[in-house]
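A.B. asks: for reference, the sequence and a predicted model appear below.
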Amino acid sequence: MQKLFLILIFIVSISTILSAQIVNGDTLTVDGKKILKVWGTHQERGYAYGYLMGSEIKEIAEDYIIGYVFGNNSFLYENFRSYILEHFEIEEKYHTETEAMVSGIVESGVDIYSSVLGRELDAFDILCANCIVDMSGMNMYAPNISFGCSSLSSWGESTLVDPNLFGSLVITRNMDWTPNETLLYNHLLLVNFPSEEDEVPWLSFTFPGMIGALSAINQNGIAAFMNMGNMDTANYEENLHPIFLSIRNGIEMNDYDNNSINDQFDVYQAVEDALHLSGSIIHCVNEESGIVVECNNIMGTVYRDEDDNTIIPLNNLAATNHFRELYSPVYCYRYVNISDSLNANPNISV
């Protein structure tokens with residue numbers, strides 16, 4: 001009888017091992033900064049993301065999204081979630097990815113119950129977190145929402161004197177969201193190696209739980225950095241798409257616009273193909289030059305390049321939080337400061 005019992009335990013143990021999903025991911029910490037590498041399908045990458053970063057994902061959801069942005073007000077948060085559910089169209093691949101992420105979190109042993117919401121966190125909560133910047137265009141109140149960001153790209157004559165650059169393009173990124181303690185201690189470099197034939201490897205400077213592209217670079221040398229715009233009035237509220245996921249489509253999908261050229265216009269096309277709720281300014285570059293994509297709900301999507309500069313010298317592009325092509329430019333002290341610095345000393349170095 002004891003022998004039979006041991007055999008049954010062995011069979012159950014083997015069955016459990018065989019049924020457990022392989023974790024297609026690995027983590028590394030360099031100088032206190034977390035790096036997560038995932039590979040495989042959207043499902044496999046999502047599962048690995050959740051399994052390896054479950055505690056951090058829950059911390060961002062509870063302490064930053066629900067706790068800080070929504071002030072631990074479940075009514076406000078659930079209204080936000082309901083709005084996303086009713087007005088946004090999100091591709092099935094991202095639903096698959098976030099569902100697998102939650103499965104990974106649970107199987108890693110992390111409790112996903114939220115005492116504020118009175119329920120377990122689910123895949124759609126993860127998708128809602130990836131719509132956090134879109135809420136700038138919503139007719140709702142969140143007590144602690146503050147986004148910004150700015151960027152400068154320089155190339156050619158601007159970087160020629162630096163021996164490390166010698167004319168190559170360099171981009172300077174200022175990530176000035178609200179200095180929330182949970183965010184400050186949870187920066188993440190996410191490296192994706194997709195197995196889908198129409199996708200390319202890419203990396204994202206982000207926070208745990210975020211699957212979209214806020215600051216991202218792909219294998220083809222295309223980079224995109226999203227800044228908030230200053231005009232968020234919305235007239236069209238159906239079939240909306242999260243701006244982070246639109247940018248990801250342009251970065252992750254190989255040659256998004258199908259013109260046999262991998263360049264920054266792949267990101268432009270991905271943004272133009274979707275309707276967005278809030279105003280965004282996306283700084284897109286390849287290894288030689290850049291464009292700044294501007295979009296909002298009413299005016300659609302346009303872009304500008306160095307030929308549209310007025311006070312910024314050529315071989316440079318600056319993007320802050322004020323539209324300069326979608327609308328007539330208004331005064332922006334940061335844009336003026338960048339211009340003054342470049343005109344005083346046009347040489348950019350690392």
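C.D. replies: Great, that's in hand.
A.B. asks: any low-confidence regions in this structure?
C.D. replies: 1-20, 137-146 (pLDDT under 70).
A.B. asks: which residue packs closest to residue 244, ignoring adjacent ones?
C.D. replies: residue 212 (2.4 Å; CB to CB, 6 or more residues apart in numbering). Placement of C-beta: from N, CA and C, glycine included.
A.B. asks: for residue 234, that is, sorry about that
C.D. replies: Nearest to residue 234 is residue 297, by CB to CB, 6+ apart, at 3.9 Å.
A.B. asks: so the most centrally placed residue in the chain: helix, strand or coil?
C.D. replies: What sits nearest the mean C-alpha location of the chain, by CA atoms, centre = their mean, is residue 213, with 2.6 Å. Counting by DSSP: H, G, I helix; E, B strand; the rest coil, the backbone at residue 213 sits in coil.
A.B. asks: tell me who's in contact with it.
C.D. replies: Applying CB atoms under 8 Å, 6 or more residues apart in numbering to residue 213 gives the contacts 202, 204, 224, 226, 244, 245, 247, 248, 250, 251, 252.
A.B. asks: again, only this time at 7 Å
C.D. replies: Residues in contact with residue 213, defined by CB atoms under 7 Å, 6 or more residues apart in numbering, are 204, 224, 244, 247, 248, 251.
A.B. asks: can you list the domain ranges for the protein.
C.D. replies: 40-137, 150-179+212-344 (automatic domain parsing).
A.B. asks: any idea how far the residue nearest to residue 244 is from residue 66?
C.D. replies: 19 Å (CB to CB, to the nearest Å).
A.B. asks: the nearest residue to residue 118 once chain neighbours are set aside: neighbour count?
C.D. replies: Excluding the flanking residues, the one nearest residue 118 by CB to CB, 6+ apart is residue 74, at 7.1 Å. By the criterion of other CB atoms under 10 Å, residue 74 has 15 neighbours.
A.B. asks: so residue 74 touches residue 115, yeah?
C.D. replies: No. The criterion here is CB atoms under 7 Å, and residue 74 misses it with residue 115 at 9.8 Å.
A.B. asks: show me where the stretch 201-350 of the chain has its helices.
C.D. replies: 243-252, 265-272, 333-344 (DSSP state H, counting those that start in this stretch).
A.B. asks: not counting its own residues, what contacts the last one?
C.D. replies: Read it as helix 333-344. 150, 152, 311, 312, 313, 316, 318, 320, 322.
A.B. asks: equivalent analysis for the second one, please.
C.D. replies: Contacting residues not belonging to helix 265-272 are listed as 222, 224, 246-247, 249-251, 255-257, 282, 284, 291, 293, 295, 301, 303 [CB under 7 Å, 6+ apart].
A.B. asks: same check on the first one?
C.D. replies: Taking CB under 7 Å, 6+ apart as the criterion, the residues outside helix 243-252 that touch it are 90, 94, 130, 133-134, 194, 199-200, 202, 212-214, 216, 218, 222, 224, 226, 256, 266-267, 269-271, 274, 276, 280, 282.
A.B. asks: go ahead and build a ChimeraX selection from the buried members of those.
C.D. replies: The ChimeraX command for the buried members of the contacts of helix 243-252 (criterion: 16 or more other CB atoms under 10 Å) is given here:
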select :90,94,130,133,134,194,199,200,202,212,213,214,216,218,222,224,226,256,266,267,269,270,271,274,276,280,282
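A.B. asks: okay, residue 171 and residue 150: tell me how far apart.
C.D. replies: Counting by CB to CB, the gap from residue 171 to residue 150 is 11 Å.
A.B. asks: correction: the previous question concerned residue 64.
C.D. replies: Counting by CB to CB - residue 64 and residue 150 are separated by 21 Å.
A.B. asks: and for residue 36?
C.D. replies: From residue 36 over to residue 150 the distance is 26 Å, taken as CB to CB.
A.B. asks: now residue 110
C.D. replies: Residue 110 is 35 Å from residue 150, by CB to CB.
A.B. asks: between these two, point out the one with more neighbours.
C.D. replies: Neighbours were counted for residue 110 and for residue 150 using other CB under 10 Å; residue 150 has more, 22 against 19.
A.B. asks: isn't that one right up against residue 228?
C.D. replies: No. At 9.7 Å, residue 150 does not count as touching residue 228 under the criterion of CB under 7 Å.
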